[in-house]
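Chemist: Got a sequence here, can you model it:
(3 chains)
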Amino acid sequence: MVKRVSRLFIAILAAAFVLPAAAVIVASLKEGIKPYVDFFVWEPKYLRALAVSMFIAFLSSAGSVAVSVLAAYVFSQIKFRGRGFLFYIYIIVMMMPFQVTLLPQYIISKALGIYDTPAAMIFPAVFSPFAAFLLTQIMKSIPRDSIEAARLDTSSTLKIILRVIVPQMRGGVVCAWVMMFAEQWNMVAEPLVLMESEKNYPLAVLLSKTGPGAFSFAATALFMLLPLGLFLIFESEILEGLEGYRLK
Amino acid sequence: MKKKSDIFLLAFSLAGFTVFYVAPFLRSLGYAFLDNAFTKRFAGLGNFSALFKNEYFLLGMKNTLLFTAVSVPLAMAFSLAVSLLTVSFAGDMPFVKGAFFLPVLLPSATIVTLFSRYASSLPPFLALLIIFIWKYSGLNIILMMTALGSMEKGMLEAAKIDGAGAIRRTFKITVPNILPVLFFTLILSIVNSLKIYRESYLLYGEYPDKSVYMLQNYLNNHFEKLNYQNIATAAVIFAAGLYAVVGILLRAERKRSEEIW
Amino acid sequence: MKAVKITAAAFLATFVALTAVCLAAGPKIRDALSPTADYACSEDILLGDRLCQSLPESAVRHDGEGSYVLLAVPSEKYPERCYEARRTEVEVLETVDGRAALGYGVRPGDKALIGEDVEAGERVVLGREAG
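Modeler: Residues are numbered from 1 along each chain as shown, chains lettered A, B, ... in the order given. Below you'll find the model as predicted:
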């Protein structure tokens, strides 16, 4: 009996977590598909912003995973002096909200001449410590034997990472990629600081200015389509990735 | 067997990390000790004492601390309760995990659009609290459920036979057993609680209700006024606070388990 | 489960492709969906000793709020060069030889739209210049 009730309770709770996404889609269809046609045909500003979002999120998440897999390998498999301290710095920076690093990032993007371009968003994201942190945690669970065995076949560490480690932690890599993608997709404060031309703004920024009405719901629904779709496609990998994470 | 030279694989990450985070941060540290960007006179701790007299800085600090102090334990307790309840039957309800995790990936705009339309009368602090729990609990729940699922059942059974009650079993055996994961989720929850500014900004703009005027509002608004000394000084204080919190957490954690990081 | 994944993947691919197509072919799609309207250019006309602007009578529209014309003005909303119909109130002073002499509202060379299928605020494709 208790088990029944708790099952029911959890099912209702889970439904409540999904509800907002469903509610946005339902609300956007109140006036039929007109707001969707508006989005794709009559509001090129929003469509362009969607493309900018895609560009930034794809590039920065892919870059970040590539860089972080290598970093995670070193952090998780190689002992060297200062490793603990360095990783500690990564964690501190990871915890800082953007507003704390806003001035530094503004200064550096001006200095590098990438201010007001998508690159100003992409570069910091590629080197953001979150993916390195997550992948390091996941990579710690890889059995050492399999890496040692692979060493007998090849001396190239890069080959070992690509052929042995990445396939073994496929879930973890996909998980880090999707989470980075969702994070970049969702950036609002960063573009406002690192860009000044409105034509470069990603959709997340414009959505805050749509005002009420079916169009804003439709734009929101389209905006969550990509993370939602990635989640549906990679759900098992994402969960497996997080579950593969063990602290010994 | 590990090749020491493999350390160079860290170089890409470390170089970018240094260029885009560490170096500019150190550079901006300088501003915290200058009286202004033009005369560039050394100001000692003048900026700091001025900041601690600034009403809005204090308000922002108070609210940020308060929000983290309320939201993080609440989200942790909620996630733990859900995980404990769900873990025994998660196997036959596969969609449950996915449902809880979904909001983690959804953009803030989703919930913000709904809230601004249907729940705008909610007190801002409460609204942000609900959004926080909705958006970020999923990650905690997945991690906690995994840890719970891989726990050895033997100890719990033994305790049950010894006559320990459910609550006692939970706090004496289960919780200590998944402590590393609790620690990991605690760190992630703190990180995420500091990100609530995004939802706050989308819902209430740059000048929200006093109850949710966060340190991030202060930093953002002073950036727009090009008030570098102020934000650099506030950022130093913020970073020092985080440094202390993480340090304390790590130390507490190290005492319990040998090798984590 | 696999069906869900495949559907989601196909859906996402369509979505990204649709975005790309609509972005690239946007101007053409909008042209195809916009009404085409003929237009007339405003010309000087001498009314007694007063110099006024004049348009063909067919370009002047009337409703409960008075007389107005729909001028084709360059639109800022779209990245491509195009026109939108802007409602402009006018005062008809007199009609001479099928041309309405206007008291205010129109400047020399302004293009006024002719025809029923255009509404104020709409994006329009310019047709032929009416004789």
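Chemist: Show the residue spans covered by the strands in the chain.
Modeler: I went with chain A, as the question did not name one. Counting by DSSP state E, chain A forms no strands at all.
Chemist: hm, I was asking about chain C
Modeler: C:36-41, C:43-47, C:50-56, C:61-63, C:66-74, C:83-89, C:92-96, C:99-102, C:111-114, C:123-129.
Chemist: Looking at the ones you listed, which one is packed in the most?
Modeler: The highest average neighbour count among those, using mean count of other Cβ atoms under 10 Å in any protein chain shown, belongs to strand C:111-114 at a mean of 25. Yep, even glycine has a C-beta here, placed from its N, CA and C like the rest.
Chemist: can you give me how far that one is from the chain middle?
Modeler: 8 Å (Cα atoms, centre = their mean, to the nearest Å).
Chemist: Against which helices or strands is that strand packed?
Modeler: Using 3 or more Cβ pairs under 8 Å, 6 or more residues apart in numbering or on different chains; DSSP states H and E as the contact test, the elements touching strand C:111-114 are strand C:36-41, strand C:66-74.
Chemist: centroid residue for chain C?
Modeler: C:A85 (3.0 Å; Cα atoms, centre = their mean).
Chemist: any idea how far A:G82 lies from B:L10?
Modeler: In this view, A:G82 and B:L10 are 11 Å apart by Cβ to Cβ, to the nearest Å.
Chemist: Just list the residues touching the residue nearest to the centre of chain C, thanks.
Modeler: C:A37, C:L70, C:L71, C:A72, C:L113, C:V118, C:E119, C:A120, C:G121, C:E122, C:V124 (Cβ atoms under 8 Å, 6 or more residues apart in numbering or on different chains).
Chemist: Closest to B:M214 out of these?
Modeler: C:G121 (41.0 Å; Cβ to Cβ).
Chemist: so the residue nearest to A:L242 when sequence neighbours are not counted, which of the three states?
Modeler: Nearest residue to A:L242, sequence neighbours excluded (Cβ to Cβ, 6 or more residues apart in numbering or on different chains): B:I142, at 5.0 Å. Here B:I142 is helix, with the state taken from DSSP: H, G, I helix; E, B strand; the rest coil.
Chemist: Can you check the pLDDT for B:I142?
Modeler: pLDDT recorded at B:I142 is 87.
Chemist: so where is chain B shaky, pLDDT-wise?
Modeler: B:1-4, B:36-40, B:255-261 (pLDDT under 70).
Chemist: cool, and chain C?
Modeler: Residues of chain C that meet the cut-off, pLDDT under 70, sit at C:131.
Chemist: what residues are up against the residue of it found nearest chain B?
Modeler: Minimum separation of chain C from chain B (Cβ to the nearest Cβ) falls at C:M1, amounting to 8.5 Å. Residues in contact with C:M1 (Cβ under 8 Å, 6+ apart) are A:S236.
Chemist: one step back: which strand residues bridge the residue nearest to the centre of chain C?
Modeler: C:A72 (DSSP bridges).
Chemist: any idea how far it is from C:L55?
Modeler: 14 Å.
Chemist: again with A:L134
Modeler: 68 Å.
Chemist: likewise B:A252?
Modeler: 82 Å.
Chemist: near chain C, which residues of chain A?
Modeler: Contact residues (Cβ under 8 Å from any Cβ of the partner chain) of chain A with chain C: A:40-42, A:44-45, A:47-48, A:50-51, A:54, A:222, A:225-226, A:229-230, A:232-233, A:236.
Chemist: and chain B, which of those contact it?
Modeler: Answer for the residues of chain A next to chain C near chain B (Cβ under 8 Å from any Cβ): A:L230.
Chemist: Can you tell me which of the residues of chain A next to chain C are classed as buried?
Modeler: A:40, A:42, A:44, A:47-48, A:50-51, A:54, A:222, A:225-226, A:229-230, A:232-233 (16 or more other Cβ atoms under 10 Å in any protein chain shown).
Chemist: List just the nearest of the residues you listed to B:I167.
Modeler: Of these, the one sitting nearest to B:I167 (Cβ to Cβ) turns out to be A:L232, at 38.0 Å.
Chemist: Let's check: the centremost residue of chain A is which one?
Modeler: A centroid search over chain A (Cα atoms, centre = their mean) returns A:M180, at 1.7 Å, as the residue closest to the centre.
Chemist: my read: that one touches A:V65, true?
Modeler: Yes: in this structure A:M180 lies within contact range of A:V65 using Cβ atoms under 8 Å: 6.7 Å.
Chemist: shared neighbours of these two, which are they?
Modeler: With Cβ under 8 Å, 6+ apart as the test, A:M180 and A:V65 both reach A:A131.
Chemist: Next up, the contacts around A:A182.
Modeler: Taking Cβ under 8 Å, 6+ apart as the test, what A:A182 contacts is A:P227, A:L230, B:V104, B:L105, B:L106, B:P107.
Chemist: I should have written C:V90 there, sorry.
Modeler: C:V60, C:S67, C:Y68, C:V69, C:L102, C:G103, C:Y104, C:G105, C:V106.
Chemist: Mind doing that once more with 7 Å?
Modeler: Neighbouring residues of C:V90 by Cβ atoms under 7 Å, 6 or more residues apart in numbering or on different chains: C:V60, C:S67, C:Y68, C:V69, C:L102, C:Y104, C:G105, C:V106.
Chemist: swap in C:E122?
Modeler: C:P35, C:E84, C:A85.
Chemist: which one among these gets closest to A:Y106?
Modeler: Using Cβ to Cβ, those come closest to A:Y106 at C:E84, 37.6 Å.
Chemist: Surely that closest one touches C:L71?
Modeler: No: at 9.4 Å, C:E84 does not count as touching C:L71 under the criterion of Cβ atoms under 7 Å.
Chemist: Now do the residue nearest to the centre of chain A against B:F95, distance only.
Modeler: Taking Cβ to Cβ, one finds A:M180 at 25 Å from B:F95.
Chemist: sorry, back to before: compare A:G82 and B:L10 (neighbour count), which wins?
Modeler: The neighbour comparison of A:G82 against B:L10 (other Cβ atoms under 10 Å in any protein chain shown) goes to B:L10, with 22 against 9.
Chemist: Wait, a helix at that one?
Modeler: Yes: per three-state DSSP, B:L10 lies within a helix segment.
Chemist: Might you report the residue contacts of it?
Modeler: A:L70, A:A71, A:V74.
Chemist: and A:Y106, how many neighbours does it have?
Modeler: 19.
Chemist: And the one 4 residues further on, by the same measure?
Modeler: Burial of A:K110, expressed as a neighbour count using other Cβ under 10 Å, amounts to 13.
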